[in-house]
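Engineer: Here is a sequence with its predicted model. Questions after.
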Amino acid sequence: MIPFAYYSDRFLNYLVIEKNYSPLTIINYKVDLTEFGQFLITAGGKDIKDIDYFLLRKFLGVLSGKNFNKRTLSRKISTLKSFFKFMMREGEVKSNPAVSLIYPRMDKNLPKFLTEAEVMKILNVPTDSGIWSMRDKAILEMFYSTGMRVAELVTLKKENVDIISGFAKVKGKGRKERLVPLGEPAIQSLKRFLDMRTDRNQSIFINQKGGTLTDRGVRDIVERYIRKSALNLKVSPHVFRHSFATHLLNRGADLRSVQELLGHSSIATTQVYTHLTIDTLKAVYDKAHPRAS
């Protein structure tokens, strides 16, 4: 019997070479498949051709007992569906035993976002004229100006940013590239930081040792300025992305344009941002309703 790891490695190689998936996505797939492979050992070492729907349901039952949240369970189900679809294509199984697995019903939580005033308060915290304060200012401005993800920001190279035209080329999920415009404050902050640098690192954002800034490093910077702003909020870099989208839509941007700016493959993903703040709804009501006042 061929070990399950042989098939999972083939699938992961396919995702890397043919699908060009990001390293983080590959890691998630590997974690899910390793967990399933360990389950198969406890189930008596089933051959891949003997895996059926009922065995997969038993595996999901084991996962449910580990108190995974619904989003994580959905990802693991998606991994199984994709894996067995690939195995079918490769002729290793005759049918996809995961095709009938049902995703858990997701809670409809609206994304957290900052008000425009809260964003301005955070952006105004870095005031020092030193190079690292300038870097931090540029990071905060870039997040709010572009709505990019942390992984997109830390992989930015000097060649990806055109300060004169005010555009950056971002490599998003699935290695898909998109152009995002830069606001004037972001352009000026970025220019001041780059003009102060004397190193040869081609990454836009570097740490104090001259190496490329990491995902964790960026999160630490954002958290530090949240604390300095005296806002009693738990804010991650992704909240700037939510705020970017929300503020654009509240000010009249169309959904399709926001979809392009965020790099969403489906407009359904962007529609979660169509919620409006209470203040915006009240303003529209006061302006439009004949008996509002």
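Structural biologist: Thanks, I have it. Residues are numbered from 1 along each chain as shown.
Engineer: contacts and neighbour counts: CA atoms only from here.
Structural biologist: Will do.
Engineer: any idea how far residue 99 is from residue 123?
Structural biologist: Separation of residue 99 from residue 123 (CA to CA, to the nearest Å) stands at 47 Å.
Engineer: Between the two, which is the more surrounded one?
Structural biologist: Counted by other CA atoms under 10 Å, residue 99 and residue 123 do not tie: residue 123 has more neighbours, with 21 against 15.
Engineer: isn't the more buried one right next to residue 142, touching?
Structural biologist: No: counting by CA atoms under 8 Å, residue 123 does not reach residue 142; the two are 10.3 Å apart.
Engineer: how close does the residue lying closest to residue 163 once chain neighbours are set aside get to residue 264?
Structural biologist: Nearest residue to residue 163, sequence neighbours excluded (CA to CA, 6 or more residues apart in numbering): residue 187, at 6.1 Å. Going from residue 187 to residue 264 by CA to CA gives 24 Å.
Engineer: out of those two, which sits in the more crowded spot?
Structural biologist: residue 187 (22 against 15).
Engineer: so that one is in which element?
Structural biologist: Taking DSSP states H and E as the criterion, residue 187 maps to helix 184-196.
Engineer: What are the buried residues along that helix?
Structural biologist: For helix 184-196, burial by neighbour count (16 or more other CA atoms under 10 Å) applies to 186-187, 189-194.
Engineer: next one: stretch 224-242
Structural biologist: Applying 16+ other CA under 10 Å to stretch 224-242 flags 225-226, 229, 235-242 as buried.
Engineer: Export these to CSV and append columns for secondary structure and pLDDT.
Structural biologist: As requested, these are exported to CSV (DSSP: H, G, I helix; E, B strand; the rest coil; pLDDT from 0 to 100):
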residue, secondary structure, pLDDT
225, helix, 94
226, helix, 91
229, coil, 92
235, coil, 83
236, coil, 87
237, helix, 90
238, helix, 91
239, helix, 92
240, helix, 94
241, helix, 93
242, helix, 92
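Engineer: What's the first helix or strand after the helix or strand containing residue 243?
Structural biologist: Taking DSSP H and E as the criterion, residue 243 maps to helix 237-250. As assigned by DSSP H and E, the chain's next helix or strand after helix 237-250 is helix 255-262.
Engineer: Can you name every helix or strand that the helix or strand just after that next one contacts?
Structural biologist: Per DSSP H and E, the first helix or strand lying C-terminal to helix 255-262 is helix 267-270. On a contact count with 3 or more CA pairs under 8 Å, 6 or more residues apart in numbering; DSSP states H and E, helix 267-270 meets helix 255-262.
Engineer: List the contacts of the helix it packs on.
Structural biologist: 146-148, 178-180, 245, 248-249, 265-267, 270-271, 274 (CA atoms under 8 Å, 6 or more residues apart in numbering).
Engineer: Closest to residue 32 out of the residues you listed?
Structural biologist: Using CA to CA, residue 265 is the member of the contacts of helix 255-262 that lies nearest residue 32, at 23.6 Å.
Engineer: okay, now the closest one: neighbour count?
Structural biologist: Here the count is done by other CA under 10 Å, and residue 265 has 12 residues near it.
Engineer: Next, the contact list for it, please.
Structural biologist: Taking CA under 8 Å, 6+ apart, one finds residue 259 in contact with residue 265.
Engineer: is it fair to say residue 169 lies in a strand?
Structural biologist: Yes: under DSSP: H, G, I helix; E, B strand; the rest coil, residue 169 sits within a strand.
Engineer: Report pLDDT for it.
Structural biologist: What the model reports for residue 169 is a pLDDT of 95.
Engineer: Please look at it and residue 161 and confirm they touch.
Structural biologist: Yes: applying CA under 8 Å, one finds residue 169 in contact with residue 161, separated by 6.4 Å.
Engineer: ok, the two, which is more surrounded?
Structural biologist: Neighbours were counted for residue 169 and for residue 161 using other CA under 10 Å; residue 161 has more, 21 against 17.
Engineer: how close does the residue most central in space within the chain get to residue 36?
Structural biologist: With distances taken as CA atoms, centre = their mean, residue 149 lies nearest the centre of the chain, 5.4 Å away. Between residue 149 and residue 36 the computed distance is 30 Å (CA to CA).
Engineer: related to what we said a few turns ago, list the residues that contact the residue nearest to the centre of the chain.
Structural biologist: 143, 172, 237-238, 241 are the contacts of residue 149 under CA under 8 Å, 6+ apart.
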